[in-house]
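> Sequence below, structure please.
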Amino acid sequence: MSQTNLDDDELFGEAANEMRTDVEASLDEAREALPDGDDVWEIDADNTLGALNALKDALDVGDAEDHLRDAKKWYTMGERADAFEDADDLAEAIEEIEDLIEDVEEAREQVGDLTSTVPQLRSTFDEFDEEEEAASESDADTDADGDAEEAEA
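I've put the predicted structure just below:
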């Protein structure tokens, strides 16, 4: 084997190691950018809407998507160049983070829906209570009028 081929193989091996390191680093950054479980579980709020808004903020994936994209980009390059001897662990990690990001984004969307629904429900309940209170007052007035007529008779 010529010296040139040996140097090329050595350089290719170094490049493959660097690609793997880049993929792993991007995956680590994606994991770090994801919300912390305690931030999602423990929320400080005075009311339901405040809790929902805090939860929605806690469910922000931040830069995790960008870091995952970088990991996928370098992984794809390495796979196409057949640079990785065994990249099953990288593929599994990418899929795991991708699924988690999707789950968090779906949960965030559901919380967003509740954030708009809960105030509407409260308003509907308040209107219902006001109507019920008005009906009760009307019934009380009618009963009082009936009692006054009986007293006169």
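> drop to CA atoms for contacts and neighbour counts, all remaining ones
OK.
> and the gap between the spatially most central residue of the chain and Val61?
Central residue of the chain (CA atoms, centre = their mean): Val104, 3.0 Å from the mean position. Relative to Val61, Val104 is positioned 7 Å away (CA to CA, to the nearest Å).
> Kindly report the same for Leu55.
For Leu55, the distance to Val61 - CA to CA - is 12 Å.
> try Asp7
43 Å.
> could you pull out the helices for the protein?
Applying DSSP state H to the chain gives helices spanning 3-33, 37-41, 48-58, 64-80, 88-152.
> Just send those helices back as CSV, with mean pLDDT too.
Conversion of the helices of the chain to CSV gives the following (pLDDT from 0 to 100):
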stretch, mean pLDDT
helix 3-33, 87
helix 37-41, 92
helix 48-58, 94
helix 64-80, 95
helix 88-152, 85
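> ok, back up a step: name the residue in Asp7 and Val61 with the higher neighbour count.
Ranked by neighbour count (other CA atoms under 10 Å), Asp7 and Val61 place Val61 first, with 22 against 11.
> so what's the backbone phi/psi at the residue lying closest to the more buried one once chain neighbours are set aside?
Once flanking residues are discounted, Val61 sits nearest to Leu34: 5.0 Å by CA to CA, 6 or more residues apart in numbering. The phi and psi values for Leu34, taken as degrees, to the nearest 10, are phi -70, psi 150.
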